[in-house]
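In: structure here, sequence nowhere to be found:
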């Protein structure tokens with residue numbers, strides 16, 4: 001740790017001496033979890049530090065763009081499926097936002113990509129959690145804890161990620177079958193999705209395997225589906241078997257676009273008016289889920305009520321950041337006053 005402490009001493013001093021801190025990357029996820037005001041902006045260093053093709057791991061500064069990470073791994077025939085909406089997004093920002101990409105069904109959630117994190121704590125200390133290989137790791141799973149933390153537990157300055165070989169073939173298909181039928185018929189699809197235009201499937205693997213699966217399931221080649229667009233965006237999380245009911249209800253909301261990921265319980269929504277997102281939140285709550293605002297309506301509550309396991313999240317925050325220095329308006333240690341949806 002001595003070398004790491006020296007490498008990130010300047011950031012440690014900046015964090016230690018600040019009253020409030022917000023980790024800042026490319027700004028592509030800045031609205032998620034609500035805006036942070038009157039805080040010192042701290043930027044993690046960028047750059048690919050180490051690529052180990054044989055071990056399929058890569059270590060980068062948390063301020064590295066996902067595009068730079070992808071280029072470094074592409075050179076050795078590998079990839080890291082962070083799949084951000086914007087390739088300019090930084091690795092640290094993508095992890096802190098906790099937004100898994102469209103291939104979550106096939107490659108797993110974002111947290112399974114992270115092997116090791118180096119972070120700066122509120123007192124300026126540099127600490128490391130996890131390790132580049134699973135067999136060398138003991139203690140608490142700090143890397144997974146940082147995924148989705150919205151910058152409230154520390155400043156990530158360095159991360160080690162799992163890589164995987166780039167699939168030899170990757171293609172989208174259309175289908176007139178139900179998502180349930182497709183999930184039963186297909187072997188490890190990367191994604192099974194629906195939107196108002198219909199059902200789409202993303203397959204990856206050997207070209208012959210893709211052709212065989214497409215033939216058995218009656219799939220036809222199609223362009224990748226476009227996600228919903230609008231000034232106001234959100235992500236609904238529900239139990240996977242509730243997605244169909246959610247999309248049926250969302251279809252009745254005027255001006256709302258939606259895109260559902262079946263098998264993982266995620267539905268993306270977008271609209272030009274905030275009221276449509278508020279209505280989508282009511283649908284999520286009616287199906288025992290919740291909606292996270294990702295863009296639009298600054299000043300309104302991004303969570304729409306208590307988060308799942310909020311009491312546990314507050315205990316973790318108090319343990320790691322007792323003064324509430326990091327992103328102080330996000331996941332506060334006491335119950336905040338709520339604005340309307």
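Out: Right, received. Where do you want to start? Since the structure is predicted, the reported quantities are computational estimates derived from the model, not experimental observations.
In: give me the neighbour count for residue 240.
Out: 15 (other C-beta atoms under 10 Å). Heads up, the C-betas are built off the backbone N, CA and C, glycines and all.
In: look up how far residue 202 lies from the nearest residue to it once chain neighbours are set aside.
Out: If the residues on either side of it in the chain are set aside, residue 240 comes closest to residue 265, at 4.3 Å by C-beta to C-beta, 6 or more residues apart in numbering. Going from residue 265 to residue 202 by C-beta to C-beta, to the nearest Å gives 17 Å.
In: residues contacting the residue nearest to residue 240?
Out: Counting by C-beta atoms under 8 Å, 6 or more residues apart in numbering, residue 265 touches 237-240, 242-243, 289.
In: so of these, which ones are in strands?
Out: residue 237 (DSSP state E).
In: most neighbours out of the contacts of residue 265, which is it?
Out: Counting by other C-beta under 10 Å, top hit in the contacts of residue 265: residue 243 with 24 neighbours.
In: wait, doesn't that residue sit right on residue 268?
Out: No: assessed by C-beta atoms under 8 Å, residue 243 is found out of contact with residue 268, at 11.5 Å.
In: now do the shared contacts for those two.
Out: By C-beta under 8 Å, 6+ apart, the residues touching both residue 243 and residue 268 are 260-261.
In: picking up where we left off before, columns pLDDT on top of the contacts of residue 265, output as TSV?
Out: Output for the contacts of residue 265, formatted as TSV (pLDDT from 0 to 100):
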residue	pLDDT
237	94
238	96
239	96
240	96
242	97
243	97
289	93
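In: need phi/psi at the closest residue to residue 104 other than its chain neighbours.
Out: Leaving aside its sequence neighbours, residue 104 sits nearest to residue 264 (C-beta to C-beta, 6+ apart; 5.0 Å). Torsion angles at residue 264 (phi, psi; degrees, to the nearest 10) stand at phi -120, psi -10.
In: next, work out how far apart residue 264 and residue 248 are.
Out: 18 Å.
In: who's more crowded, those two?
Out: Each of residue 264 and residue 248 has its neighbours counted (other C-beta under 10 Å); residue 264 has more, 19 against 10.
In: now do the contacts for the more buried one.
Out: 100, 104-105, 109, 240.
In: what lies in contact with the top helix by length along the chain?
Out: Determined from DSSP state H, the single longest helix within the chain is helix 274-286. Residues outside helix 274-286 that contact it (C-beta under 8 Å, 6+ apart): 230, 232-234, 236-238, 246, 249-250, 253-256, 258, 269, 271, 290-291, 293, 296-297, 300, 304-305, 340-341.
In: now a ChimeraX select for only the buried ones of those residues.
Out: Here is the ChimeraX command that picks out the buried ones among these, judged by 16 or more other C-beta atoms under 10 Å:
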select :230,232,233,234,236,238,246,249,250,253,256,258,269,271,290,291,293,296,297,300,304,341
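In: which ones among the contacts of helix 274-286 are found in strands?
Out: Checking these against DSSP E, those in strands are 232-234, 236-237, 256, 258, 269, 271, 290-291, 293.
In: over to the residue lying closest to residue 34 once chain neighbours are set aside: give its phi and psi.
Out: Closest residue to residue 34 apart from its sequence neighbours, by C-beta to C-beta, 6+ apart: residue 302 at 4.6 Å. With angles defined as degrees, to the nearest 10, residue 302 sits at phi -70, psi -20.
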